[in-house]
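K.L.:
Structural data only, the sequence is not supplied:
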């Protein structure tokens, strides 16, 4: 069996190693043909030819940063995707309607099937061979066995969620993780952080009324990742350091998605809106703790 991976970041490498372990014949598309890139991907076949990458397999994993998804979709124009199943692991949304990657693909291309997938998992753990899980949500029905053939038995696979809910949860978890960093900085209290995440997940459930246990796990894993860019950005906000300099050298998905989320969501989500105000510098970072834990909020 063959598969193509579009993108060459750390999560691409994690998925590639899992597929390689199952004996899948892989081709990796990258825009970077440097010697350093080829050294990182030693043992894998690389190409910078997008058309070649798409034609190589009927199973395509799209794993690029959200900044580049629009350009990837543009590259797909004119290519035959009718027999392709596209698995989207990128955590983001398009800047305008229809917002969701899956909806855009379905409306603009003839594709056999579309999936969105998420954790709970960490790329580095997967690379090291740690047991973990992946949640897949498909636009059209597909059997669990069809997905399991790509992954070794140490990867627990579930197929049970609405695809838009999976995409939305993958975006919102990154924004809420900024709040974890804010509350951690200067206190380093796990109890405070988990209490905050518990209340935030209750809020998330107003948008996703029946989230799976996998979405729950992914939400909390992202929220406690001390080394993540979203978490680190929250800490910088609390310290009132130069966040613009950090953004110039790091992709912070939670920050990038805020302008889109503001257009999409009109629900009463006070924690989310407080975070947005903090990121946009209209509220102080200290206001998050006061808002979450002030007894007046709970009256």
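P.N.:
Now that the structure is in, tell me what you want to look at. Note that this is a predicted model, so its numbers are computed, not measured.

K.L.:
quick one: the helices in the stretch 51-200 of the chain?
P.N.:
Ranges of helices in the stretch 51-200 of the chain, per DSSP state H, counting those that start in this stretch, are 69-76, 101-108, 123-127, 144-148, 163-184, 190-204.

K.L.:
lowest-confidence stretch among those helices?
P.N.:
Note on the helices of the stretch 51-200 of the chain: lowest mean pLDDT is at helix 144-148, with a mean of 90.

K.L.:
List the buried residues in it.
P.N.:
Across helix 144-148, burial judged by 16 or more other Cβ atoms under 10 Å covers 147-148. In short, each C-beta sits where N, CA and C put it, glycine included.

K.L.:
what does that helix contact?
P.N.:
For helix 144-148, the external contacting residues (Cβ atoms under 8 Å, 6 or more residues apart in numbering) are 136, 157-159.

K.L.:
quick one: which of the residues you listed is most hemmed in?
P.N.:
With neighbours taken as other Cβ atoms under 10 Å, the top of these is residue 136, carrying 24 neighbours.

K.L.:
just for the stretch 151-299 of the chain, where's the confidence low?
P.N.:
295-299 (pLDDT under 70).

K.L.:
ok, now with 90
P.N.:
159-162, 210-214, 242, 266-268, 294-299 (pLDDT under 90).

K.L.:
domain parsing for this protein?
P.N.:
Segmentation of the chain into domains, based on automatic domain parsing, reads 2-160, 164-298.

K.L.:
Just say which of the helices of the stretch 51-200 of the chain is most tucked in.
P.N.:
With neighbours defined as mean count of other Cβ atoms under 10 Å, those peak in mean count at helix 163-184, which reaches a mean of 25.

K.L.:
Residue 254: helix or strand, and which one exactly?
P.N.:
helix 253-264 (DSSP states H and E).

K.L.:
so what secondary structure elements neighbour that helix?
P.N.:
Secondary-structure packing of helix 253-264 (3 or more Cβ pairs under 8 Å, 6 or more residues apart in numbering; DSSP states H and E): helix 163-184, helix 229-239, helix 270-279.

K.L.:
Those helices: which one's closest to residue 3?
P.N.:
Closest to residue 3 of these is helix 163-184 (Cβ to Cβ; 19.9 Å).
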